[in-house]
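Asks: can you look at this prediction? I've put the sequence above it.
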Amino acid sequence: MVRTHVDDLKVSCKAFNEIKQVIDQLQDIYKEITVHKGDEHDYLGMIMTHDREQGYVKINMMKYIEGTIETFLEEEPDQKLKQVLTPATNNLFRTRNDECDKLSKKRAGTFHATVAKLLFVAKRARPDILLAVSFLTTRVKQPDMDDWNKLIRILSYLKGTMDYCLTITCTDIMKLVWYIDGSYASHTDMKGQSGAVLVTGDCTVLFRSNKQKINTQSSTETELIVVDDALPTIQWTKNFMLEQGYDLETEIMEDNQSTMLLMKNGRLSSGKRTKHFDIRYFYVKDLIDRGIISISHGSTETKFYMKRRIRLQDPWVCILTAG
């Protein structure tokens, strides 16, 4: 498996001879390349430490986070970062718009650049800030002081938890289980928030949280959009694992019974209230019929068991994917 980012490659394989062949081929073409081997790697700001005896890998982005905070404070030397316990408050989705002063052009640029860096961190090693950062990405065009204070809170939280790292294990891989949830009309423009988490074996390996692109008229439609948004990643993950030698069943956990009926039955269960649904949201029915994915009911309480599935150092931390 070769992971590429511009001219940075991460090559992994069960047999080292295969890796050496790739290295030799690259050296034949490019002559001088830097090769780093071992159980610890620095790749795109991620320090990956493999423990063969314990069977886990830790992904630490402390240096990247430190650099992000230092750059921010260089541009905002009077800004103080106080210790906080969470990356956001219950007011995350609330905006004041016209009631709040807009940021200056310089500060708005700092806001945009910092949010982009935090999104890079959140998607790779710090899912605990993903929801908060995802929201701020929707505010980069015309940020105000309220948005600025929310950014300060995330940075303050990261400063106090810089040593947290994502721990991933590779045991008891039996199936791919996706926990999917949608938050109806969470944003001020009444669009919803989508959240999805992939659990396999003893840990969580993928997570996403994003604002939905269209407005919906019910929580049922919101949940359908969440599934549709996640389907490309769901299918890619199944195919990727197949290439690694794991032919795994894919299961989607859904807590909305009406959504489950629509996904399983498509238009057959649709009435006057659901005729406005776009046909692409019933693509999932085709995947179910073909046996590519399955749908199971997971209660709202069940979803919170994941707070022990995403491990950031010690203790376990829960990712809030949908409000």
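Replies: Here it is on my side, so go on.
Asks: surely residue 88 is within a strand?
Replies: No. Applying DSSP: H, G, I helix; E, B strand; the rest coil, one finds residue 88 to be coil, outside a strand.
Asks: quick check: it vs residue 149, distance?
Replies: 11 Å (CB to CB, to the nearest Å). No exception for glycine: its C-beta is placed from N, CA and C like everyone else's.
Asks: could you do residue 197 as well?
Replies: Taking CB to CB, one finds residue 197 at 28 Å from residue 149.
Asks: residue 205 too?
Replies: 33 Å.
Asks: which one's more surrounded, those two?
Replies: Shown here are residue 205 and residue 149; by other CB atoms under 10 Å, residue 205 has more neighbours (18 against 12).
Asks: look up the closest residue to residue 284, ignoring the ones flanking it.
Replies: Once flanking residues are discounted, residue 284 sits nearest to residue 263: 4.9 Å by CB to CB, 6 or more residues apart in numbering.
Asks: show me where the stretch 201-323 of the chain has its strands.
Replies: Taking DSSP state E, counting those that start in this stretch to define them, one finds strands in the stretch 201-323 of the chain at 203-215, 249-254, 293-297, 311-312.
Asks: now distance to residue 27 and mean pLDDT too, for those strands, in TSV please.
Replies: Shown next, in TSV, are the strands of the stretch 201-323 of the chain (distance: least, CB to CB, whole Å; pLDDT from 0 to 100):
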stretch	distance to residue 27	mean pLDDT
strand 203-215	32	89
strand 249-254	39	92
strand 293-297	42	87
strand 311-312	38	50
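Asks: nearest to residue 68, of the ones you listed?
Replies: strand 311-312 (17.4 Å; CB to CB).
Asks: pLDDT of stretch 131-139, averaged?
Replies: Averaging pLDDT along stretch 131-139 gives 96.
Asks: same question, stretch 146-166
Replies: Per-residue scores along stretch 146-166 average to 96.
Asks: likewise stretch 170-188?
Replies: On average, stretch 170-188 scores 88.
Asks: how long is that stretch end to end?
Replies: 41 Å (CA to CA, to the nearest Å).
Asks: residue 15 and residue 242: what is the separation?
Replies: 19 Å.
Asks: which neighbouring elements make contact with the host helix or strand of residue 146?
Replies: For residue 146, the host element (DSSP states H and E) is helix 145-160. If you count contacts as 3 or more CB pairs under 8 Å, 6 or more residues apart in numbering; DSSP states H and E, helix 145-160 packs onto helix 62-75, helix 105-122, helix 130-136.
Asks: mind listing what's buried in the shortest one?
Replies: By that I understand helix 130-136. 130-136 (16 or more other CB atoms under 10 Å).
Asks: with stretch 251-259 instead?
Replies: So for stretch 251-259, counting by 16+ other CB under 10 Å, buried means 251-256, 258-259.
Asks: which residues are contacting it?
Replies: 175-181, 219-220, 223-224, 227, 234, 260, 263, 293-300, 302-303 (CB atoms under 8 Å, 6 or more residues apart in numbering).
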